[in-house]
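Asker: take this sequence and fold it.
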Amino acid sequence: MLGIPPQRFLDSPSQVIPSLVLIAVWASGNLIVIFLAGLQNVPTVYMEAAQIDGANSWQRFWNITIPCIKPIIFYNVLTALITHLQVVNPALALTNGGPAKKSMFLSYVIYMYGFEKTKLGYAAAYSVIFFVLVGIFTAILFITQKDSIFSDEN
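Answerer: Numbering: from 1, shown residues only. A predicted model of the protein is given here:
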C-alpha cells in the first residue's frame, strides 16, 4: 500500500529479536506507573528552594529529582531485569523458537525440555543455571547501587 516491500518481522532472523524487544517495551506499562508515582513523591519544597537559588530545570532534575527517585529506579531496574530474563510467552506464541533458533531464550529452552520433550532432568538443570544467572545479575545490581540507595544521606 505504501510502496515498500512487505516486512516479515518474525520470520527474519535479523528482525525477530528487535521485534520481541519492542513487544517487551510495549508491555512495560507497570514500570511507567511506578515511575510516575515516584515522581509525584518528590518534595516540592526542594524544587522551590532550588528554583529560588537559581537552579535551572536540568539542574533541578539532575540534583533533586533523580536522587529522590533512586530507590524507584533501582526497584524498576531489578523487576525489569528479572521479568525480561523470563521471556517465554512472546517467543512461544509468536515464533515457536523462531527463525534459525534466534528466539530460543534460556527460559524458552527450559519450557521446551520440561513440557515438550518431557526431559525434566534437563529442564531442572537449565533452571538451576537460570536461577544462578538471575542471582548473579541481582547481586551485581545490589552491589553497584548499595552506596547510593541504602545510605543515610539524602
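Asker: right, and I17 touches S103 too?
Answerer: Yes. Contact criterion C-beta atoms under 8 Å: I17 and S103 qualify, at 6.8 Å. From N, CA and C alone the C-beta is placed, and that goes for glycine too.
Asker: more neighbours: those two, which one.
Answerer: Higher neighbour count among I17 and S103: S103, with 22 against 14, using other C-beta atoms under 10 Å.
Asker: and the gap between the residue most central in space within the chain and K146?
Answerer: Closest to where the C-alpha atoms of the chain average out (C-alpha atoms, centre = their mean) is A80, at 3.0 Å. A80 sits 19 Å away from K146, taking C-beta to C-beta, to the nearest Å as the criterion.
Asker: how about S12?
Answerer: From S12 to K146 the distance is 42 Å (C-beta to C-beta).
Asker: so between the two, which is more surrounded?
Answerer: S12 (15 against 11).
Asker: check what pLDDT that one gets.
Answerer: Listed pLDDT for S12 reads 78.
Asker: the nearest residue to it once chain neighbours are set aside: how many residues sit nearby?
Answerer: Nearest non-adjacent residue to S12, counting by C-beta to C-beta, 6 or more residues apart in numbering: P99, 6.4 Å away. By the criterion of other C-beta under 10 Å, P99 has 16 neighbours.
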